[in-house]
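In: I'd like to go over a predicted model; first the sequence, then the structure.
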Amino acid sequence: QMQLVESGGGLVQPGGSLRLSCAGSGFPLNYYAVGWFRQAPGKEREGVSCIGESDDSTFYIQTVKGRFTISRDNAKNTVFLQMNSLKPEDTAVYYCAAGPGLQCSGGYSYTPARLNWGQGTQVTVSS
């Protein structure tokens, strides 16, 4: 059974860094594109970044470009999200997801019902 577990969240001051991890089990993570999503209080969930399954193409939303970097370690079956220069508006629960419902190469789109989701990890950016 496909399972995703996020870790690495926490409390950090503005300008600080965190590295989130998304560990997969039950399937090879490089079989699918893997995405990071976030949901802030009172806001809808938004896609943040993704990495393609075959060519490692990447996508970032404009608000995190140049600050966040997504990568994968196939040997560890893990996808990472390195987050630098964090801002208070980055505060949210961050989720990773993988499955046939995510397109990351040649455009970005996703269908939530066709993805497997992790439980989320809280990121709080505050002084």
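Out: Okay, I see it. Numbers count the residues shown, from 1 in each chain.
In: When you work out contacts or count neighbours from here on, use the C-alpha atoms and nothing else.
Out: Fine.
In: contacting residues for the residue nearest to the spatial centre of the chain?
Out: Central residue of the chain (CA atoms, centre = their mean): residue 36, 2.0 Å from the mean position. Going by CA atoms under 8 Å, 6 or more residues apart in numbering, residue 36 touches 47-50, 81, 94-97.
In: how near is it to residue 71?
Out: Using CA to CA, to the nearest Å, we find residue 36 at a distance of 11 Å from residue 71.
In: Same check on residue 16?
Out: From residue 16 over to residue 71 (counting by CA to CA), the distance is 19 Å.
In: okay, the two: which has more neighbours?
Out: residue 71 (18 against 14; other CA atoms under 10 Å).
In: In this structure the more buried one contacts residue 79, no?
Out: Yes: with contact defined as CA atoms under 8 Å, residue 71 reaches residue 79; the gap is 5.7 Å.
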